[in-house]
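Trainee: make a model of this:
(one chain, ligands or ions: 2)
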Amino acid sequence: MSIKRRKVSVIGSGFTGATTALNVAQQELADVVIVDLPDKEDPTKGKALDMLESTPVVGADVNVTGTSDYKDTKDSDVVIITAGIARKPGMDREELVNTNAGIMKTVTEQIVKYSPDTRIIVLTNPADAMTYAVYQASGLPKNRVFGQSGVLDTARFRAFIAQELSMSVEDVQGFVLGGHGDDMVPLIRYSSVGGVPLTDLLSQDRIDKIVERTRKGGGEIVSLLGDGSAYYAPAAALTQMIEAILKDKKRILPTIAYLEGEYGYNDLYVGVPTILGSEGVERVIELELTEDEKQDLSTSVDSVKNVMELLQ
Ligand SMILES: NC(=O)c1ccc[n+]([C@@H]2O[C@H](COP(=O)([O-])OP(=O)(O)OC[C@H]3O[C@@H](n4cnc5c(N)ncnc54)[C@H](O)[C@@H]3O)[C@@H](O)[C@H]2O)c1
Ligand SMILES: O=C(O)C[C@H](O)C(=O)O
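Mentor: Residues are numbered from 1 along each chain as shown. Ligands and ions are numbered 1, 2, ... in the order given. As a prediction, this is how the structure comes out:
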């Protein structure tokens, strides 16, 4: 009996791409193809070979290859886009828009040429606008193109809450809505620890500090690293999304998804709770929001629209 092996292609072999590829391989989720520019072909092959050589130790029967030829990505089940430039200390994510928009167009055309009905997850920043650019360039249906920000932002929120309370990260639940920027919207009413509302466990003042740290979480890492941005937590977030798709788990995860009327917005990609399964974004979940939450979401959406205008 032959069982079809799954295939994940990761475009961009830098910090986030390589770490995601390693996670996918070591968790035995799929064969992995890592793609970078032709002038980086040898280092890309080298990273892939190094990852492959780790598989006997962790007991993962998968193949890992590095290439600059998109033919090798043919029939990918999922493609991850991490190609592009990352910000440096003192920069906003928006400053990456022009360079990365051009890269999105080129790589997307190559991706869909060889995998015309794949699912694409965009990580490259500014992530909401870049997901829209990939959607436009791909011609794929909206459920097959989406972006990563909310799993990461929520993970930061959860990690800070768990540390503050000295409780297990596993028991902390939360949701972050909106664009992947400093005005993202952590939803306190939907946050709990082991089912206990967060507001019963922490004072408003302490919650406010955690929200502020979450919003600026990417910048905190950029300042500390000095030359590049976060990659361990972003790669973990991508891996969780990939697993939900490949195993058709129907997980409820925050995703940069295309809105057509949901939350009152149209023709826009922004972070919302979704069901992720084999079809990609199988449903956008619409939460009831208070007037204050609607206002915060609207502020965040305005920021995404401002970046989108830079794309026109
Ligand atoms: N959405 C999120 O939550 C999130 C989280 C972390 C990073 N990011 C973003 O992801 C992107 C990548 O971050 P990183 O830390 O991996 O950067 P990096 O510089 O380490 O890696 C980027 C890689 O992309 C490659 N690349 C550039 N143009 C390419 C092309 N046309 N085709 C193929 N490969 C190409 C580069 O050669 C490089 O290897 C950045 O834009 C960063 O801001 C987003
Ligand atoms: O902050 C960045 O530029 C990278 C990423 O978006 C993050 O949130 O870590």
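
Trainee: which residues touch L238?
Mentor: 16, 20, 23, 80, 121, 123, 148, 151 (C-beta atoms under 8 Å, 6 or more residues apart in numbering). Backbone N, C-alpha and C define where each C-beta goes, glycine included.

Trainee: meant to ask about N306
Mentor: E94.

Trainee: okay, the one helix or strand it maps to in PDB with CA atoms only?
Mentor: Under the criterion of DSSP states H and E, N306 resides in helix 291-311. In PDB, the C-alpha atoms belonging to helix 291-311 read as follows (Å, rounded to 0.1, in the frame of the first residue of the first chain):
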ATOM      1  CA  GLU A 291     -18.700  49.200  21.500                       C
ATOM      2  CA  ASP A 292     -15.200  49.800  22.900                       C
ATOM      3  CA  GLU A 293     -13.800  46.600  21.200                       C
ATOM      4  CA  LYS A 294     -15.400  47.600  17.900                       C
ATOM      5  CA  GLN A 295     -13.700  51.000  18.200                       C
ATOM      6  CA  ASP A 296     -10.300  49.400  19.000                       C
ATOM      7  CA  LEU A 297     -10.800  47.000  16.000                       C
ATOM      8  CA  SER A 298     -11.700  49.900  13.800                       C
ATOM      9  CA  THR A 299      -8.500  51.800  14.800                       C
ATOM     10  CA  SER A 300      -6.400  48.700  14.000                       C
ATOM     11  CA  VAL A 301      -8.200  48.200  10.700                       C
ATOM     12  CA  ASP A 302      -7.500  51.800   9.800                       C
ATOM     13  CA  SER A 303      -3.800  51.200  10.300                       C
ATOM     14  CA  VAL A 304      -4.000  48.100   7.900                       C
ATOM     15  CA  LYS A 305      -5.800  50.300   5.300                       C
ATOM     16  CA  ASN A 306      -3.100  53.000   5.600                       C
ATOM     17  CA  VAL A 307      -0.500  50.400   4.700                       C
ATOM     18  CA  MET A 308      -2.700  49.000   1.900                       C
ATOM     19  CA  GLU A 309      -2.700  52.500   0.400                       C
ATOM     20  CA  LEU A 310       1.100  52.400   0.100                       C
ATOM     21  CA  LEU A 311       0.600  49.300  -2.100                       C
END
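
Trainee: having no further points to raise, I will conclude here.
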